[in-house]
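> A structural model of the following input is requested.
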Amino acid sequence: MAQSQSVSVDEFWMQYAYQPYELVNGRVMRAKTLGLRYSVVILRLNAILEEYAAAHNLGEVVGAQVGFRLGKATIRTPRTAFIGRDKQRAILRPYSYLTFPPDIAIEVIMPDDSVKESQHKVRQYLKAGTVYLWAIHPELHQMTIFHRSGKSRTFKRSDTIQAGSILPGFRLSLLTLFPQPRKEQSPETTD
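As a prediction, this is how the structure comes out:
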C-alpha cells in the first residue's frame with residue numbers, strides 16, 4: 001500500500017503503529033513478508049547475535065518490525081538489528097519507534113527486490129548513522145556488508161564475518177547461516 005500524499009513521522013505512527021508498514025520519504029509502504037528459507041536464516045542469525053551480545057553485555061538485538069527513524073520522513077523496519085549499550089540507554093519511549101538508527105541493520109535481499117530500491121535503503125541507513133548494514137542474499141548464500149565509510153564487501157558461504165568495534169571479538173562463519181544443501185532423496189520404489 002503506497003500513498004501519494006506525504007505523511008509525517010508522527011502521522012505515520014498514529015495511523016500505522018504496530019502494523020507491517022514502513023515510512024519511506026513520506027510514503028507509507030507495506031513491509032514484505034518472508035518465505036520459509038529467508039525466515040530460517042534470519043532466526044539463526046538473531047539467535048547467534050543475541051547470545052553473543054548478551055554474553056558480552058554489548059547491547060540489544062531486536063527482531064523485525066522495530067521501527068527506526070532514519071530521517072524526518074522515514075521510519076524503516078530492518079529484519080533484525082543491533083543497538084549498542086549507549087543507544088540502548090537513550091531509549092525514552094520503548095513502546096514507540098526508535099528515534100535513532102541501529103548500529104547494525106540486517107536486511108534480506110529477495111529475488112524481486114529492485115537493485116535501485118535496495119541501494120536506496122542502504123544509503124538511508126548509512127546516511128542516518130548506521131555503522132553496518134548486512135544485506136543477506138539467502139538464495140546466493142552470500143552476505144554483503146556495507147560500512148558507513150562507503151566501503152562494502154560481499155562474503156560467500158565459506159567466509160567468516162566480523163563486526164569490528166560494534167561487536168568486539170564477534171566472528172560468524174556463514175556456513176552457520178547457509179549450511180550445505182541437503183541432497184533430495186529419491187522416492188522409494190516398491191516391487
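
> The protein: strands as residue ranges?
Secondary structure of the chain (DSSP state E): strands at 21-24, 27-30, 59-63, 68-71, 74-76, 80-84, 104-108, 132-137, 142-147, 152-156, 160-162, 171-173.

> okay, these in JSON lines with distance to residue 119, mean pLDDT and mean neighbour count next?
The way it works is simple: take the backbone N, C-alpha and C, and place the C-beta from them, glycine included. Converted to JSON lines, the strands of the chain look like this (distance: least, C-beta to C-beta, whole Å; pLDDT from 0 to 100; neighbours: other C-beta atoms under 10 Å):
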{"stretch": "strand 21-24", "distance to residue 119": "13", "mean pLDDT": "88", "mean neighbour count": "22"}
{"stretch": "strand 27-30", "distance to residue 119": "16", "mean pLDDT": "89", "mean neighbour count": "16"}
{"stretch": "strand 59-63", "distance to residue 119": "24", "mean pLDDT": "92", "mean neighbour count": "19"}
{"stretch": "strand 68-71", "distance to residue 119": "15", "mean pLDDT": "93", "mean neighbour count": "22"}
{"stretch": "strand 74-76", "distance to residue 119": "14", "mean pLDDT": "93", "mean neighbour count": "23"}
{"stretch": "strand 80-84", "distance to residue 119": "19", "mean pLDDT": "95", "mean neighbour count": "24"}
{"stretch": "strand 104-108", "distance to residue 119": "12", "mean pLDDT": "94", "mean neighbour count": "25"}
{"stretch": "strand 132-137", "distance to residue 119": "10", "mean pLDDT": "95", "mean neighbour count": "22"}
{"stretch": "strand 142-147", "distance to residue 119": "10", "mean pLDDT": "96", "mean neighbour count": "19"}
{"stretch": "strand 152-156", "distance to residue 119": "11", "mean pLDDT": "97", "mean neighbour count": "13"}
{"stretch": "strand 160-162", "distance to residue 119": "21", "mean pLDDT": "95", "mean neighbour count": "13"}
{"stretch": "strand 171-173", "distance to residue 119": "24", "mean pLDDT": "96", "mean neighbour count": "14"}
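
> Looking at those strands, which is nearest to residue 36?
strand 104-108 (12.2 Å; C-beta to C-beta).

> In the sheet, which strands lie alongside the closest one, parallel or antiparallel?
strand 80-84 (antiparallel), strand 132-137 (parallel) (DSSP bridges).

> All set, thanks.
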